[in-house]
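**Student:** Need a 3D model of the sequence below.
(chains A, B, C and D)
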2 protein chains.
Amino acid sequence: MNETTDAIMDAAECRIRAGGYTGFSFRDLASDVGVKSASVHYHFPTKETLAAAVARRYKDRFLAAVDQDIADGSDVVAAWKSGFRQALHRDGRMCLCGVLGAAAGALPDEVLTEVRAFFEAGLAQMTARRLTAEKASQVLATLEGAMLLANVLGRPAAFDDATAALR
Amino acid sequence: MNETTDAIMDAAECRIRAGGYTGFSFRDLASDVGVKSASVHYHFPTKETLAAAVARRYKDRFLAAVDQDIADGSDVVAAWKSGFRQALHRDGRMCLCGVLGAAAGALPDEVLTEVRAFFEAGLAQMTARRLTAEKASQVLATLEGAMLLANVLGRPAAFDDATAALR
DNA sequence: GTCTATAATTTGATAGAC
DNA sequence: GTCTATCAAATTATAGAC
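**Tutor:** Purely as a prediction, here's the structure:
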């Protein structure tokens, strides 16, 4: 993976988190990165391939950050909460897999598979840390919903309100 | 509003809840309803107009159903929970305003305004019933996130898991 | 109100030169 | 690896006949 590949994935992640899978074009990304759309196709043959790669990278990064937080002494719930909170405050955007998952009906198979893997991995990681299936679902749902609320209202503080009771 | 207008709005609601604002076309709706796309434009001049009308109708219906539930003796949280649960189980789909709100960056102004109104009205209705702003945010977030989780995992039971502790 | 026809633009994707 | 050029299809939207 070279610099251009990464820049394309960065631009795609940014655009997907703002407008979803059907909300951006190869020309948008090309313009963001400073190349032509044919060059984007050189790095990622299809839109499906690109979005799946972006979702996979997002999942891996996110889970690694949470793991690190736990290794540093956080409990699972606090680690997930701070992961989402950081993603919101640093980037001012929704969770990538939340945006994609909400419009799941518009996703090609390969992309849907990666998005599902994010949520399944989240639930699995929490239950492995002794949370019940119910509690894990509640935590993930509240965090995703809090991101959504903050995103749509344009009010980042809504995330903190919605997750204040979460522990 | 005549039958065709309603049928177009029904089809649009269905398609938006599956794939979002950018996930359907006028030709999709025309084919769903059994007319040509020019006829859809006769009823709704632009896509923005149509989506805004659909979001407004969704909000009005949803709030009315919750109000009725409360009038029948439910408490606010239970009423909202059953409203979302019904929308999920009856239609097997996400919340319309949840889908649209997640990809807020892809929404024209008029549509974003209606979607925000749904969430603001929800928060207002709960705080009017003596819930704190924090609690109201938590309830809305958990419900929207639970819909998202059930939707992306294709597992309606995930909604019940995620909302089991909500009251 | 619905149709046919079409304009104007955008889309995902490919061929081939450099 | 990136470009120019282009394709075929799809998109939102309009004009005008019936």
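
**Student:** Next, give phi and psi for A:A165.
**Tutor:** Phi and psi for A:A165, reported as degrees, to the nearest 10, are phi -90, psi 0.

**Student:** what sits against it?
**Tutor:** B:E134, B:K135, B:Q138 (Cβ atoms under 8 Å, 6 or more residues apart in numbering or on different chains). Heads up, the C-betas are built off the backbone N, CA and C, glycines and all.

**Student:** do A:F118 as well
**Tutor:** A:A55, A:Y58, A:K59, A:F62, A:C97.

**Student:** mind checking which helix or strand the nearest residue to the fourth one once chain neighbours are set aside is in?
**Tutor:** Taking Cβ to Cβ, 6 or more residues apart in numbering or on different chains, and ignoring the residues beside it in sequence, A:F62 has A:G83 as its nearest neighbour in space, at 6.0 Å. Element membership of A:G83, judged by DSSP states H and E, is helix A:76-91.

**Student:** just how off-centre is that helix within its chain?
**Tutor:** Centroid separation between helix A:76-91 and its chain, computed with Cα atoms, centre = their mean, to the nearest Å, is 11 Å.

**Student:** what about chain A, any weak spots by pLDDT?
**Tutor:** A:1 (pLDDT under 70).

**Student:** where exactly do the helices run in it?
**Tutor:** Taking DSSP state H as the test, the helices found in chain A are A:3-19, A:26-33, A:37-43, A:47-71, A:76-91, A:96-102, A:109-128, A:133-153, A:157-163.

**Student:** who wins for proximity to B:S74 among the ones you listed?
**Tutor:** Of all the helices of chain A, helix A:133-153 sits nearest to B:S74, with 20.9 Å by Cβ to Cβ.

**Student:** so how far is the closest one off the chain centroid?
**Tutor:** Using Cα atoms, centre = their mean, the offset of helix A:133-153 from its chain centre is 13 Å.

**Student:** Next one: it, is it in contact with chain B?
**Tutor:** Yes. Judged by Cβ under 8 Å from any Cβ of the partner chain, helix A:133-153 comes into contact with chain B through A:133-135, A:137-138, A:140-146, A:148-149, A:151-153.

**Student:** Just the buried ones from these?
**Tutor:** Buried subset of the residues of helix A:133-153 next to chain B (neighbour count, 16 or more other Cβ atoms under 10 Å in any protein chain shown): A:135, A:137-138, A:140-146, A:148-149, A:151-153.

**Student:** coming back round to it: name the nearest of the contacts of A:F118 relative to DNA strand C.
**Tutor:** A:A55 (15.6 Å; Cβ to the nearest atom of the strand).

**Student:** what about the spatially most central residue of chain A, distance to B:W80?
**Tutor:** In chain A, the C-alpha nearest the mean C-alpha coordinate belongs to A:L96, at 2.9 Å (Cα atoms, centre = their mean). Distance from A:L96 to B:W80, counting by Cβ to Cβ, to the nearest Å: 27 Å.

**Student:** do the same with A:T49
**Tutor:** A:T49 sits 40 Å away from B:W80, going by Cβ to Cβ.
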